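Colleague: Just to be clear, the model below is a prediction. Sequence and coordinates:
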Amino acid sequence: MASPHPYPPPPTPTPYPYPRGFNDVGVRGSDGDDENPADEGTDVDPASWSDYLNTLFDPMFDPAVSSNVSAVEGQTAHLVCRVNNTRALKTVSWIRHRDTHILTVGSFTYTSDHRFSALHREGTNEWTLQIRQPKVDDSGLYECQVSTKPIRAYLISLEVVVPRARILHAPELYTNAGGALNLTCVVINYEGEGSVQVSVRQEEGHTVSTLLVVRATMNHSGRYQCEPSNADRATIMVHVFKAEEPAAMQTNSSTLVQQRPSPCLLLSLALLLRHLLASGEPVT
């Protein structure tokens with residue numbers, strides 16, 4: 001019997017490159033409309049669909065986050081791991097690389113060292129390792145790891161530095177009586193606020209603390225100490241002479257006391273001797 005249709009039957013449609021049959025997942029079609037694989041009424045193994053999504057939406061580490069972090073000893077350090085495409089993300093862990101010690105998993109801490117903790121706000125894509133009171137020994141590589149298959153990891157290098165103080169022109173400074181006495185201390189690797197007992201101001205991103213004696217007298221001679229809150233102290237011995245004292249005892253003091261630290265240093269401050277405050281001399 002001849003076929004009632006003069007044309008051959010249409011070809012079988014090409015199968016979609018993704019599983020079909022889930023009512024809760026929509027896929028954007030080539031025409032811009034939402035297509036629901038369930039519309040075809042085809043059942044599919046949920047595991048297959050999950051594997052497909054894991055491949056399509058693999059978590060990606062944000063390269064804009066710095067992989068090199070510097071921290072000052074004693075000041076809380078934060079290592080930030082930002083993960084994009086978190087649809088297939090299950091867990092983020094922090095691991096210390098040198099001994100493969102698991103520090104945190106999700107929001108839970110897995111170390112007896114309570115200085116380490118995980119910070120994560122629900123709904124964000126940032127997982128932060130917080131280290132309180134970091135030590136120089138904490139320097140090294142830390143691994144932010146996501147529980148995909150295969151596991152993905154992002155390495156962050158932490159350097160913990162020790163701040164140190166240095167007084168310009170130490171260990172001794174000579175100046176004339178009647179002139180201004182301006183001592184400058186430089187604290188390197190200092191990121192906190194100025195912690196001396198004199199006025200503090202912000203200048204070009206640095207914290208500057210200055211002690212100025214308007215008219216120095218011989219009573220201002222003595223030992224001055226620079227004592228930042230988290231650094232070893234530095235010391236200078238100041239000698240104030242009358243103008244007629246031998247020139248050999250003076251070391252071009254007008255130049256020495258007015259110099260400023262180089263801009264590469266983080267903090268400039270001038271130091272205070274206790275007997276200076278007690279002397280009642282004008283200090284600004």
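Modeller: Here it is on my side, so go on.

Colleague: use CA for all of it now, contacts and neighbours both
Modeller: Noted.

Colleague: how much space is there between the nearest residue to residue 185 once chain neighbours are set aside and residue 161?
Modeller: Using Cα to Cα, 6 or more residues apart in numbering and skipping the chain neighbours, the partner closest in space to residue 185 is residue 167 (4.1 Å). For residue 167, the distance to residue 161 (Cα to Cα, to the nearest Å) stands at 19 Å.

Colleague: Looking at these two, which has the bigger crowd around it?
Modeller: residue 167 (24 against 19; other Cα atoms under 10 Å).

Colleague: Got phi/psi on the more buried one?
Modeller: phi -90, psi 130 (degrees, to the nearest 10).

Colleague: so who does it touch?
Modeller: Shown in contact with residue 167 (Cα atoms under 8 Å, 6 or more residues apart in numbering): 183, 184, 185, 186, 226, 234, 235, 236.

Colleague: Now do stretch 233-241, average pLDDT.
Modeller: Averaging pLDDT along stretch 233-241 yields 83.

Colleague: Same check on stretch 165-181?
Modeller: Here stretch 165-181 scores 78 as its mean pLDDT.

Colleague: Also stretch 215-225?
Modeller: For stretch 215-225, the mean pLDDT works out to 84.

Colleague: can you pull the alpha-carbon coordinates of that stretch into PDB?
Modeller: Extracted as PDB, the C-alpha positions of stretch 215-225 are listed here (Å, rounded to 0.1, in the frame of the first residue of the first chain):
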ATOM      1  CA  ARG A 215      63.700  76.400  73.100                       C
ATOM      2  CA  ALA A 216      66.000  73.700  74.400                       C
ATOM      3  CA  THR A 217      67.900  74.200  77.600                       C
ATOM      4  CA  MET A 218      70.600  72.200  79.300                       C
ATOM      5  CA  ASN A 219      67.900  70.600  81.400                       C
ATOM      6  CA  HIS A 220      66.700  68.900  78.300                       C
ATOM      7  CA  SER A 221      69.800  66.800  78.100                       C
ATOM      8  CA  GLY A 222      69.200  63.200  78.800                       C
ATOM      9  CA  ARG A 223      68.100  59.800  77.400                       C
ATOM     10  CA  TYR A 224      65.000  59.700  75.200                       C
ATOM     11  CA  GLN A 225      63.300  56.400  74.300                       C
END
